[in-house]
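Trainee: any chance you can model this:
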Amino acid sequence: MSEQPDAAAAVDRVAGLLRARGDRMTGPRRAVITALAARRTHLTADQVVSAVAEQDASVHRASVYRTLETLSALGVVQHVHVGHGTTTYHLAGDHPHLHAQCSACGAVLDLPGSLLDSVSARLLAEHGFELDPSHVALSGLCADCRGRR
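Mentor: Numbers count the residues shown, from 1 in each chain. The predicted structure is shown next:
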């Protein structure tokens with residue numbers, strides 16, 4: 001199965017990042033990156049496993065999980081906790097961003113990374129607490145679900 005152009009570009013970009021860090025592009029890494037780039041959404045680990053299996057059935061489930069963990073640690077993949085502890089994954093872009101999840105329909109929205117800057121600054125100044133909102137999703141209702149109320 002040939003890679004989509006966006007997926008191939010993502011694999012090339014990540015391969016460059018890995019080489020710069022003294023690491024290499026393995027088959028499972030290529031498969032996971034391709035799956036995430038092709039879907040352009042927030043996928044659970046099981047959804048990544050299924051997407052990888054569609055393109056390369058020889059990549060074992062455990063390899064996908066280890067690869068997601070490794071690529072998250074390297075900053076190539078971002079993991080986000082949504083809902084009741086479910087973790088989703090997506091390729092980390094050049095611009096960090098935050099997430100919001102609709103508590104009615106489950107949609108996950110990407111938000112500007114600077115959205116909570118004033119809250120972060122206030123928490124640090126008033127409480128000495130350094131906020132890292134990059135791994136959790138804010139909860140609320142999306143515009144569509146609010147319109148149905």
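Trainee: distance check, residue 59 against residue 26.
Mentor: 10 Å (CB to CB, to the nearest Å). No exception for glycine: its C-beta is placed from N, CA and C like everyone else's.
Trainee: with residue 92 as the reference, measure out to residue 64.
Mentor: 17 Å.
Trainee: who has more neighbours out of residue 59 and residue 26?
Mentor: residue 59 (21 against 14; other CB atoms under 10 Å).
Trainee: hmm, residue 28 and the more buried one touching each other?
Mentor: Yes: under the criterion of CB atoms under 8 Å, residue 59 makes contact with residue 28 at 5.0 Å.
Trainee: list residues touching both of those two?
Mentor: residue 52 (CB atoms under 8 Å, 6 or more residues apart in numbering).
Trainee: with adjacent residues omitted, what lies nearest to the residue nearest in space to the middle of the chain?
Mentor: Residue closest to the average C-alpha location in the chain (CA atoms, centre = their mean): residue 90, at 2.5 Å. Nearest residue to residue 90, sequence neighbours excluded (CB to CB, 6 or more residues apart in numbering): residue 42, at 5.1 Å.
Trainee: for that neighbour, give me its contacts.
Mentor: So residue 42 contacts 80, 82, 88, 89, 90, 99, 108 (CB under 8 Å, 6+ apart).
Trainee: all strands for the protein, in order.
Mentor: If DSSP state E is used as the criterion, the strands of the chain fall at 43-44, 77-82, 86-91, 97-102, 108-112, 137-140.
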